[in-house]
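Visitor: any chance you could fold what I've pasted below:
(one chain, ligands or ions: 3)
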Amino acid sequence: MVVASPSPTHPEKVQFIELPIIDLSAERSKVINLVIKACEEYGFFEVINHGVSHDIITRMEEQGLGFFAKPLGDKQKAGPATPFGYGCKNIGFNGDVGEVEYLMLGTNSLSIVERSYAISNDPKMFSSAVNGYIEAVTGLACEILELMAEGLRVHDSSVFSKMIKGVDNDSIFRLNHYPPILCNNNNNNNKDPSFHANKVGFGEHTDPQILTILKSNDVGGLQVKSQVDDEDHGVWVPVPPHPTAFCVNVGDVLQAMTNGRFMSVRHRAMVTNTSKSRMSMAYFGAPPLHTCLTPPIELVTPHKPLLYRPFTWDEYKKASHSLRLGDSRLHLFKAT
Ligand SMILES: C=C1C[C@]23C[C@@]1(O)CC[C@H]2[C@@]12CC[C@H](O)[C@@](C)(C(=O)O1)[C@H]2[C@@H]3C(=O)O
Ligand SMILES: O=C(O)CCC(=O)C(=O)O
Ligand SMILES: [Fe+2]
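Guide: Numbers count the residues shown, from 1 in each chain. Ligands and ions are numbered 1, 2, ... in the order given. A predicted model of the protein is given here:
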């Protein structure tokens, strides 16, 4: 078997652990306990029976695939991803690269209507699919954030959800497309049937925002880092594609706002498929730029003193943008 490892000299551990899949239609107190456990253990879980309709998801997937199927010149008409538009291979502003192309959008419905003219040949269809999808996943994110606040026994159960509900939120929506690795003679002499492709599509990182809600098609690639089985280094756990589930990532802001009780999950997307593209659709729920981010008082006690100083999303976003993808950023905000 030929394996093109991301680091041939330091092979990384990959372990097939069963990650939590939570049925949101189950009894509320049970759901809450499972959500809290997953956020403490992994900072990651999947949800099923989430209430987002198949039609909303399919419409969005069709529009996304339609966009990526266009010739490069047409995709570039969406403008560069600085911050909103089309990007290819370059991620962020500091030299990170991956085997991915993407489309980044703000979540404001009017701005989506305006932008859709540069993105699609059927702008009305495109903006209605995107706005319908964003409305649905924002609702799901709010519901999950409220379950979390309840589980943490915080008096104001909307303490997290209200940050992404307001019109001035800074949430974003991103479509990622990972074309398959083609087997040419350089990496697969004689078309070896046991050839296993393995390239980094989107390198290891945490999401800076509050919460990410991600849906992919039926092609795998997402991996999350778990500290559970290897305290020192962590192991990579593949997330198998699921026909209906959404993946939920705890972001850096939620780690800070829970005073470190939840952990923001390190994850990456690998390209291992040699015949079919992976597409993921990620909603990143973020607060308004000038909101002061600090945990509710219930989560700060003499036994659990404040871990991070209060900061604004504007400050945190600027710090993130000045760093590389895989850098950890929260330590810059440690309380002294
Ligand atoms: C290298 C970078 C890309 C990123 C901004 C950053 O400076 C560090 C965080 C990266 C990330 C990860 C989650 C989202 O995909 C993203 C849009 C975000 O908000 O933070 C990306 C940023 C990006 O691609 O611009
Ligand atoms: O494509 C994926 O599954 C992961 C994408 C991701 O982590 C991101 O866009 O931040
Ligand atoms: Fe991510």
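Visitor: pretty sure Val250 is touching Phe262, no?
Guide: Yes: assessed by Cβ atoms under 8 Å, Val250 is found in contact with Phe262 at 4.8 Å. For the C-beta atoms, the positions are set from N, CA and C on the backbone; glycine is no exception.
Visitor: list the residues that contact both of these two?
Guide: Common neighbours of Val250 and Phe262, counting by Cβ atoms under 8 Å, 6 or more residues apart in numbering, are 39, 43.
Visitor: can you tell me the strand partners of the helix or strand harbouring Lys215 and which way each runs?
Guide: Using DSSP states H and E, the element containing Lys215 is strand 211-216. In the sheet, strand 211-216 lines up against strand 246-250 (antiparallel), strand 278-285 (antiparallel) (DSSP bridges).
Visitor: measure Pro19 to Ser226 for me?
Guide: Quick fix: residue 19 reads Leu, not Pro. Here the criterion is Cβ to Cβ, to the nearest Å. By it, Leu19 lies 8 Å from Ser226.
Visitor: which residues do the two both contact?
Guide: By Cβ under 8 Å, 6+ apart, Leu19 and Ser226 have these common neighbours: 42, 237.
Visitor: coming back round to it: out of the strands paired with strand 211-216, nearest to ligand 2?
Guide: strand 278-285 (3.4 Å; Cβ to the nearest ligand atom).
Visitor: chain center to the closest one: distance?
Guide: Its chain's C-alpha centre and that of strand 278-285 lie 6 Å apart, by Cα atoms, centre = their mean, to the nearest Å.
Visitor: list the contacts of Gly326.
Guide: Contacts of Gly326 (Cβ under 8 Å, 6+ apart): 96, 203-205.
Visitor: quick check: closest non-adjacent residue to it.
Guide: Of all residues not flanking Gly326 in the chain, Glu204 sits nearest, at 4.8 Å (Cβ to Cβ, 6 or more residues apart in numbering).
Visitor: what is the helix or strand that contains the one you found packed up against?
Guide: Using DSSP H and E, Glu204 sits in strand 199-205. Packing contacts for strand 199-205, counted by 3 or more Cβ pairs under 8 Å, 6 or more residues apart in numbering; DSSP states H and E, involve strand 96-106, strand 172-178, strand 267-271.
Visitor: could you dump these to JSON lines with mean pLDDT and distance to ligand 2?
Guide: Listed next are these as JSON lines, based on pLDDT from 0 to 100; distance: least, Cβ to the nearest ligand atom, whole Å:
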{"stretch": "strand 96-106", "mean pLDDT": "98", "distance to ligand 2": "7"}
{"stretch": "strand 172-178", "mean pLDDT": "98", "distance to ligand 2": "4"}
{"stretch": "strand 267-271", "mean pLDDT": "97", "distance to ligand 2": "4"}
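Visitor: format the ones you listed as CSV; extra columns: distance to Cys292.
Guide: Output for the helices and strands packed on strand 199-205, formatted as CSV (distance: least, Cβ to Cβ, whole Å):
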stretch, distance to Cys292
strand 96-106, 22
strand 172-178, 21
strand 267-271, 28
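Visitor: what kind of secondary structure is the residue of the stretch 201-336 of the chain found nearest ligand 1 in?
Guide: Among all residues of the stretch 201-336 of the chain, Leu325 sits closest to ligand 1, at 3.9 Å; criterion: Cβ to the nearest ligand atom. Following DSSP: H, G, I helix; E, B strand; the rest coil, the label given to Leu325 is coil.
Visitor: mind listing what the closest residue to Lys276 other than its chain neighbours touches?
Guide: Leaving aside its sequence neighbours, Lys276 sits nearest to Val219 (Cβ to Cβ, 6+ apart; 5.2 Å). The contact partners of Val219, by Cβ under 8 Å, 6+ apart, come to 178, 241, 273, 276-279.
Visitor: coming back round to it: so which of the strands paired with strand 211-216 gets nearest Lys334?
Guide: With Cβ to Cβ as the criterion, Lys334 lies closest to strand 246-250 of those, at 18.2 Å.
Visitor: so where's this structure uncertain?
Guide: 1-11, 183-196, 229-231 (pLDDT under 70).
Visitor: can you show me the helices along it?
Guide: Ranges of helices in the chain, per DSSP state H, are 28-41, 54-68, 72-75, 109-119, 123-151, 161-165, 252-257, 313-321.
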